[in-house]
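J.: Build me a model:
(chains A and B)
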Amino acid sequence: MVKDNVLAPTPAKILKSENMTEIEKHIELEILDKEIAKNFVYKPGQFVEVGVMGVGEAPISICAARKKEDLLELCVRKVGRVTNAIHRLNVGDILWIRGPYGNGFPMEKMEGSDLLLVAGGLGIAPLRGVLQYALSNREKYGTITIMYGIRCYTAMLWRDEFLHLFYEGDKINVEFYLSYEDSSDRQCYELQCERSDRCMQGVVTRLFGLKEVEPENTYAVICGPPIMYKFVIQELMKRNFDPKKIYMTLERRMKCGVGKCGHCIIGSGKNIKYVCKDGPVFTYWDALNTKGMI
Amino acid sequence: MYKVLANENLPAFFESLKKIGKVYGPVKVRESSYDFREVESLSEVDLTYTRTMIPPKKFFVKPKETIFDFDEEKLEFKEPPDEEVKVILGVHHCDINALKILDSIYMDETPDKYYIQRRNSSFIIGVSCTPDEYCFCKSVGTSYAQDGFDLFLHEISRGYLVRIGSEKGYELINDNKDLFEDAKPEDTEEFKQNEKERLEAFKLELNVSGIQDMLGLSYEDPVWKETADDCFGCGTCNLVCPTCRCYDVVDYVGLSLKSGERVRRWDSCMLRKHGLVAGGLNFRPTRVERLRNRFNCKGSFTDGSLSCVGCGRCTVYCPAGISFVEVMKKVRGEL
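T.: Numbering: from 1, shown residues only, chains lettered A, B, ... in the order given. Coordinates of the predicted model:
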């Protein structure tokens, strides 16, 4: 590793690689250079460039709060060249990482408020970091409401973790809501029969029918496929949410992560932003001022 | 500080540059086509050139460069060595100002080592120019380089009036005292007169006052569709632009499949792949979005200066004949 070269990746060993679904793996990494590991401080919502030598790099969001200094957790969906290569690796293999990059979620700013986390599909990954951080600083946050939209039961990420919250969350003031799109899904239907106040068939915005959200004392945090933002924000705006209290994290093809390669530039003349360094977390206020953001 | 370099001392001045490092200058390669190339003698250089097709950015943001070599055990970085100095002779005002824009991007809080090393080991000599029908640097405020060079040569009848822009520039003059003389009042007069005439010679104008709001308000304007219908989406405008710096990263693997290199190369926001993310979703799926994105990017501000320096290259070299200024004027509702 060359110290002052921002493009220099550092090796990280795969400690754990678990298939969560057919296309998503949960990977735990150990940063081998302990000096680098010490300074590898990340916040929920930040991302890393993950590389496989000979294949390339891809930006992947960190899916857990920092617990141990040399440890990093990622959720990798098999969709492109690099992610397919990552899926082919086994425990003990090396991935090359750079980062952490991006601004992350302003966890301090949200202290003292309720949190409303709205996720669609893979969008739950960066929000899992927010959730873990809030749970490990439980007294600093009010009610945590999670709305998680999935396609079907088998596509649900961290199923054990979230089903536990689904059943037991209320004990720690966490309300977990689940929506599923596949109306023929038996397991999800059973969940719905058990807790019709927490589970619904349909898109994630339907869950707003089950929960009264208080705009005054709530920060909303959204992550999901691009189409989802528009509809979730519609629901929030109907409830008079402050655009500055709606956070969302965006996906772009960040090649460098440090505001150089230009792939993640968005906006019009007045307000050009780099998703990699000005984001990937933006408020809805930013989106109102930056064309093409959502 | 100002000096005069007389015409008869020009060859000796050129020789003194060769002592600093490899000298590059504008060379006529075809009828009205110039390129910055390595030069051995002054006769190869044409300091009265209009514009090079590829701007001097190519010296700092390489069209293609290896970031590092890798094998199974280690990475070997390919940062350029500090000591290899390049003298770039004959850079125009607009291109020097463009380098300053690249500086603010590549030398920000996460500096790019490759760029910085090249920038630090370069010696830049500007030269005055005469605008042609494509130049509009005067409109965007980049018609005069105040800094960003080591020496700047302003043509006068008996040679060049020389502005010193850095300590390195001063050292060169100090080491070659006998080549330079102090500017006389008539030199100064001539410099002023030339600058006056140069600024009056601009034929093309673009009003950039409020351009960002004009762009913001014109996001859905039909001008994008109309222009995109003419555009081939070839990306020439990106390659010839002195401030376009998007790059792509690719890994090349050797035959052993165990070693290879990670390379970055110029990319273009006019190509379909630029806005593509994993899974096939494209944030700029058609030429309309891509073209609009390019004009918005050029119309944005970096550290208080517009990201377009008015060199005219994108218009000159566009195979579809799209005029940057004309499109911006349509955006402004002036055409």
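J.: Kindly report the residues of the stretch 151-300 of chain B close to chain A.
T.: Proximity of the stretch 151-300 of chain B to chain A, by Cβ under 8 Å from any Cβ of the partner chain, involves residues B:211-216, B:219, B:245-251, B:253, B:257, B:260, B:262, B:264, B:267, B:269, B:274-281, B:283, B:289, B:293, B:296-297, B:299-300. From N, CA and C alone the C-beta is placed, and that goes for glycine too.
J.: Just the buried residues of the residues you listed.
T.: Among these, the ones that count as buried by 16 or more other Cβ atoms under 10 Å in any protein chain shown are B:211-212, B:214-216, B:245-249, B:251, B:260, B:262, B:264, B:267, B:269, B:274-278, B:283, B:289, B:293, B:296-297, B:299-300.
J.: In strands only, show me those.
T.: Helix and strand membership here follows DSSP state E; of these, those in strands are B:Y247, B:D248, B:V249, B:D251, B:G260, B:R262, B:R264.
J.: Please report how far the residue most central in space within chain A lies from chain B.
T.: Using Cα atoms, centre = their mean, the residue of chain A that lies closest to the mean C-alpha position is A:P126, 1.7 Å off. Note on A:P126: its distance to chain B, by Cβ to the nearest Cβ, to the nearest Å, is 15 Å.
J.: can you pull the contacts of the residue nearest to A:N173 when sequence neighbours are not counted?
T.: Excluding its sequence neighbours, the residue lying closest to A:N173 (Cβ to Cβ, 6 or more residues apart in numbering or on different chains) is A:T143, at 5.3 Å. Shown in contact with A:T143 (Cβ atoms under 8 Å, 6 or more residues apart in numbering or on different chains): A:D114, A:L115, A:N173, A:V174, A:E175.
J.: Once you drop chain neighbours, what's closest to B:V29?
T.: Spatially, and ignoring its direct neighbours in sequence, B:V29 is nearest to B:D35 (5.0 Å; Cβ to Cβ, 6+ apart).
J.: what is that neighbour paired to in the beta sheet?
T.: B:V27 (DSSP bridges).
J.: pLDDT at it, what is it?
T.: Among the per-residue scores, B:D35 holds a pLDDT of 96.
J.: How about A:G269?
T.: We have a pLDDT of 68 for A:G269.
J.: Which residue is the nearest non-sequential neighbour of the residue nearest to the centre of chain A?
T.: What sits nearest to A:P126 in space, not counting adjacent residues and going by Cβ to Cβ, 6+ apart, is A:S61, at 4.2 Å.
J.: hey, what's that neighbour bridged with?
T.: Taking DSSP bridges as the rule, A:S61 bridges to A:F47.
J.: ditto for the one 10 residues further on
T.: A:L71 has these beta-bridge partners by DSSP bridges: A:E30.
J.: Could you count how many residues lie near it?
T.: With neighbours defined by other Cβ atoms under 10 Å in any protein chain shown, the count for A:L71 comes to 16.
J.: May I see the domains of chain B written out as residue ranges?
T.: B:2-61+B:80-200, B:211-242+B:269-331 (automatic domain parsing).
J.: do chain A as well
T.: If the domains of chain A are taken from automatic domain parsing, they occupy A:10-101, A:114-249, with pieces of a single domain joined by a plus sign.
J.: Reformat those domains as TSV; add mean pLDDT and distance to B:K64.
T.: Written out in TSV, the entries for the domains of chain A read as follows (pLDDT from 0 to 100; distance: least, Cβ to Cβ, whole Å):
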stretch	mean pLDDT	distance to B:K64
domain A:10-101	93	16
domain A:114-249	94	32
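J.: In three-state terms, label A:E168 for me.
T.: helix (DSSP: H, G, I helix; E, B strand; the rest coil).
J.: How much space separates it from A:S196?
T.: The span separating A:E168 from A:S196 equals 18 Å under the rule Cβ to Cβ, to the nearest Å.
J.: Pull the number of nearby residues for residue 252.
T.: The chain I'm using is chain A. For A:R252, the tally of surrounding residues (other Cβ under 10 Å) stands at 19.
J.: look at chain B instead
T.: As a measure of burial, B:Y252 has 12 neighbours, counting by other Cβ under 10 Å.
J.: got a list of what it touches?
T.: B:G260, B:E261, B:R262, B:V263.
J.: The third one reaches B:E76, doesn't it?
T.: No - in this structure, B:R262 sits apart from B:E76 without contact. The criterion is Cβ atoms under 8 Å, and the distance is 10.7 Å.
J.: any shared contact partners between those two?
T.: Common contact partners of B:R262 and B:E76 (Cβ under 8 Å, 6+ apart): B:F68, B:F70.
J.: what does chain A put close to chain B?
T.: Counting by Cβ under 8 Å from any Cβ, the residues of chain A near chain B are A:2, A:4-9, A:53-58, A:77, A:79-80, A:83, A:226, A:251-253, A:255-256, A:258-263, A:265-272, A:277, A:291-292.
J.: Filter those down to the ones in strands?
T.: The strands in this structure, assigned by DSSP E, contain A:G56, A:E57, A:A58, A:R77, A:I265, A:I266 from those.
J.: The last one touches A:A287, doesn't it?
T.: No - if you go by Cβ under 8 Å, A:I266 and A:A287 don't touch, sitting 9.6 Å apart.
J.: list the residues that contact both of the two?
T.: Listed as contacting both A:I266 and A:A287 by Cβ under 8 Å, 6+ apart are A:M293.
J.: which one of these two has more residues nearby?
T.: Residue environment comparison for A:I266 versus A:A287 gives the larger neighbour count to A:I266, 27 against 20, counting by other Cβ under 10 Å.
J.: show me the contacts for the more buried one.
T.: Taking Cβ under 8 Å, 6+ apart as the definition of contact, the neighbours of A:I266 are A:R252, A:I272, A:K273, A:V275, A:T290, A:K291, A:G292, A:M293, B:F283.
J.: ok, now how distant is it from B:C269?
T.: Following Cβ to Cβ, the distance that separates A:I266 from B:C269 is 11 Å.
J.: For B:S139, which non-adjacent residue is closest in space?
T.: With sequence-adjacent residues excluded and distances taken as Cβ to Cβ, 6+ apart, B:S139 is closest to B:L206, at 4.3 Å.
J.: Three-state assignment for the one you found, please.
T.: coil.
J.: ok, now B:Y24?
T.: Under three-state DSSP, the three-state class of B:Y24 is strand.
J.: Based on its surroundings, how many neighbours for it?
T.: Neighbour count for B:Y24, taken as other Cβ under 10 Å: 23.
J.: ok, it touching B:V39?
T.: Yes - under the criterion of Cβ under 8 Å, B:Y24 lies in contact with B:V39, with a separation of 6.7 Å.
J.: What segments of the stretch 51-200 of chain B are strands?
T.: With DSSP state E, counting those that start in this stretch, the ranges of strands along the stretch 51-200 of chain B come out as B:64-70, B:75-77, B:86-91, B:122-127, B:151-156, B:159-164, B:180-182.
J.: my guess is B:I67 meets B:V263, correct?
T.: Yes - the pair B:I67 and B:V263 passes the contact test of Cβ under 8 Å, sitting 6.8 Å apart.
J.: Now B:P63. Nearest residue, chain neighbours left out?
T.: The shortest distance from B:P63 to any residue that is not its chain neighbour, by Cβ to Cβ, 6+ apart, is 5.2 Å, and that residue is B:W266.
J.: Give the full set of residues in contact with B:V277.
T.: Here B:V277 is in contact with A:E251, A:R252, A:R253, B:F283 (Cβ under 8 Å, 6+ apart).
J.: Would you convert the residues you listed into TSV that also reports distance to B:D132 and pLDDT?
T.: What follows is the contacts of B:V277, written out as TSV (distance: Cβ to Cβ, whole Å; pLDDT from 0 to 100):
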residue	distance to B:D132	pLDDT
A:E251	44	89
A:R252	38	89
A:R253	38	87
B:F283	37	90
